[in-house]
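Trainee: Show me the folded form of this:
(chains A and B)
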Amino acid sequence: MAASVLSVERLSRNFGGLAAVSGVSLECGMGEVHAVIGPNGAGKSTLINLLSGDLPPSSGRVRLDGRDITGLSSDRVSRLGVGRSYQKTNVFLPFTVFENARLAAQSRLPSSLRFFRPAASLRHVNDAAERAIGEAGLAGREGVAVAALSHGEQRQVEIAMTLATSPKLLLLDEPLAGMGGEEAARIVELLKRLAADHAMLLVEHDMDAVFALANKLTVMVNGVVLESGPPEQIRGSRAVQEAYLGGDEEHD
Amino acid sequence: MRSDRTATVLGIVLLLVLVALPFFAGKYYVQLATKIMIMAVFAMSLDLLVGYAGLVSLGHAAFYGLGAYLVALAAPQYQAANFWTSLPLAVGGAALLAAAIGFFAVRTQGIYFIMVTLAFAQMVYFVFHDTKIAGGSDGIFIDVRPDAKIAGWTPFDLADFVQLYFVVLVAFVAVYVLLRVVLRSLFGRVVQGIRVNEHRMKSLGYSTFRYKLAAFILAGALAGLAGYFGAVQYGAVNPEMLGWHLSGSVLMMVILGGMGTLTGAVVGATAFLLLELLFQSLTEHWQLLMGGTIVLVALFLPHGIAGLARPLFGRKDG
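Mentor: Below is the predicted model:
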């Protein structure tokens, strides 16, 4: 396995007296898909928020390609090559599909303090947006306002935007949530293809998708890592069985 | 698109009417039209913040008022200021003030942004109201209008109401075109993205502070431009030109006309000033009628008066 793109050391975040994430360490290398699973309230989304800069951690370290990015704001983290998608669709509803992806691609320009350059006139930005829309399976829907799309399609916009920023590390918070079977299968195929030249950290409840994609799993319960290892190890783990997999069929 | 063409034709017709106006209208109407265009520039500058960037400012008169005061302050007593230096001074001064206020204000959100802009603007108001600068609370007359002489030649005379009208018309059209271009630029799209979803803009890698501050400075500079011509036309400046009453009025113009469209700001400024005249002619309690009108528009016309034309044109950015 290649050197770690993402390296997390004893990361913690407290909300008042509650330790939402406590002492989590994990690694994710290029070409690796690292899935974080666990019951609701295990701290998975908080963990993603800590990694993306949406929330500052209480303690611990986050490194990207060896560089300390702990506590950097989300825009700086994004510019360093981290793309994230949100569990709750977080897009620009009044804008078209194309404009959503175009704005995402535009963010890679050194500066957007350009007051006279028409936004639609930059060929490489338009191409990057178009490519991301195609990869997310939305070709032909460019001109539609996102508010008019189905929930599943809005999820695909979420992914297109993440891809349009050309990240090397993908942080995907339940990318399949709310998608129909066909759309979900398409996204799983897309993620498999992306895995080759990205590092990917994935939070997902769909266990079939998780085991189809991940080559490493981390199981979280109550903010701490219960167990971490390759899929076979996790599948065979008694502790995990009891705490999660074999327990209540909580996941959708 | 056909609707686009309709709008373009309508715009050209309006422009021709404006150009022809002084040839068939009397002094009163030319001066009224001058005042409307000045307020339209002021309203468009605020709409950039309120309608496009999602920043509701209740202190925008500070920049208008500073632009106005700089006309008076740039002139030696009983003499004319130089138009070519005092105009950049007014616009630049307003931009600088906007940079200073915006540096703190755009860090806040929603109701706090409203309060911070209001508080800063009131501080500026009291600087001019409570000190001896430019006549204190009484304000000061601009004895002689700025002189546009350049290399021995005077292209226009601002003391002449028709020539002032045309200079203001040029400024009005220039600001409209400038904002159209800026709103379609890379910067303009970022600003509109911030209004819709600032959190997502940050997670896409945009340092939103920088863009909001730039929008605030641009809006302040254009308000300063409006204030400059406001002072030139009025022939005097006083602290009310910086006050929160005027900040409220211009915000009402933007809401009345329809937020988030430049035509809305222009329509709003026009409607506000004309309604003001109409209601004043009816009763001395005209503010009641004005208030009622604003309430009705807010309740029944979510896209303002300009929104009424929407079914005709289909598009909403313009």
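Trainee: only C-alpha atoms for contact and neighbour calcs from this point on.
Mentor: Noted.
Trainee: Could I get the phi/psi values of A:Thr96?
Mentor: According to degrees, to the nearest 10, the main-chain angles of A:Thr96 amount to phi -70, psi 170.
Trainee: what about it, distance to A:Ala129?
Mentor: When distance is defined by C-alpha to C-alpha, to the nearest Å, A:Thr96 is 12 Å away from A:Ala129.
Trainee: How many neighbouring residues does B:Leu49 have?
Mentor: Using other C-alpha atoms under 10 Å in any protein chain shown, B:Leu49 has 26 neighbouring residues.
Trainee: can you pull the pLDDT of it?
Mentor: With respect to pLDDT, B:Leu49 has a value of 96.
Trainee: Surely it touches B:Leu55?
Mentor: Yes - contact criterion C-alpha atoms under 8 Å: B:Leu49 and B:Leu55 qualify, at 5.0 Å.
Trainee: which bits of chain A sit near chain B?
Mentor: Applying C-alpha under 8 Å from any C-alpha of the partner chain, one finds that chain A approaches chain B through A:52, A:54, A:74-79, A:83-84, A:90-94, A:103-104, A:106-108, A:112-120, A:162, A:165.
Trainee: if I pick the nearest residue in space to A:Pro230 that is not next to it in sequence, what's in contact with it?
Mentor: Excluding the flanking residues, the one nearest A:Pro230 by C-alpha to C-alpha, 6 or more residues apart in numbering or on different chains is A:Lys216, at 4.5 Å. Neighbouring residues of A:Lys216 by C-alpha atoms under 8 Å, 6 or more residues apart in numbering or on different chains: A:32-35, A:228-231.
Trainee: Export these as TSV, with columns for secondary structure, distance to B:His199 and pLDDT.
Mentor: Below are these laid out as TSV (DSSP: H, G, I helix; E, B strand; the rest coil; distance: C-alpha to C-alpha, whole Å; pLDDT from 0 to 100):
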residue	secondary structure	distance to B:His199	pLDDT
A:Glu32	coil	28	94
A:Val33	strand	26	95
A:His34	strand	26	95
A:Ala35	strand	25	95
A:Ser228	strand	32	91
A:Gly229	strand	34	91
A:Pro230	coil	35	92
A:Pro231	helix	35	89
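Trainee: So A:Leu149 versus A:Gln87, what's the distance?
Mentor: 17 Å.
Trainee: One more: B:Ala215?
Mentor: Distance, B:Ala215 to A:Gln87, using C-alpha to C-alpha: 31 Å.
Trainee: Who has more neighbours out of the two?
Mentor: B:Ala215 (25 against 18).
Trainee: contacting residues for the more buried one?
Mentor: By C-alpha under 8 Å, 6+ apart, the residues touching B:Ala215 are B:48-49, B:53, B:191.
Trainee: tell me, which of these make contact with chain A?
Mentor: For chain A, no contacts are drawn from the contacts of B:Ala215 by C-alpha under 8 Å from any C-alpha.
Trainee: could you flag which of those residues are buried?
Mentor: B:48-49, B:53, B:191 (16 or more other C-alpha atoms under 10 Å in any protein chain shown).
Trainee: Export those residues as a markdown table, with columns for secondary structure.
Mentor: Putting the buried ones among the contacts of B:Ala215 into a markdown table (DSSP: H, G, I helix; E, B strand; the rest coil) gives the following:
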| residue | secondary structure |
| --- | --- |
| B:Leu48 | helix |
| B:Leu49 | helix |
| B:Ala53 | helix |
| B:Val191 | helix |
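Trainee: Which of those residues sits closest to B:Gln122?
Mentor: B:Leu49 (19.0 Å; C-alpha to C-alpha).
Trainee: quick one: the closest one and B:Leu256, what's the gap?
Mentor: Distance, B:Leu49 to B:Leu256, using C-alpha to C-alpha: 16 Å.
Trainee: Which one of the contacts of B:Ala215 is nearest to chain A?
Mentor: Closest to chain A out of these is B:Val191 (9.9 Å), distances taken as C-alpha to the nearest C-alpha.
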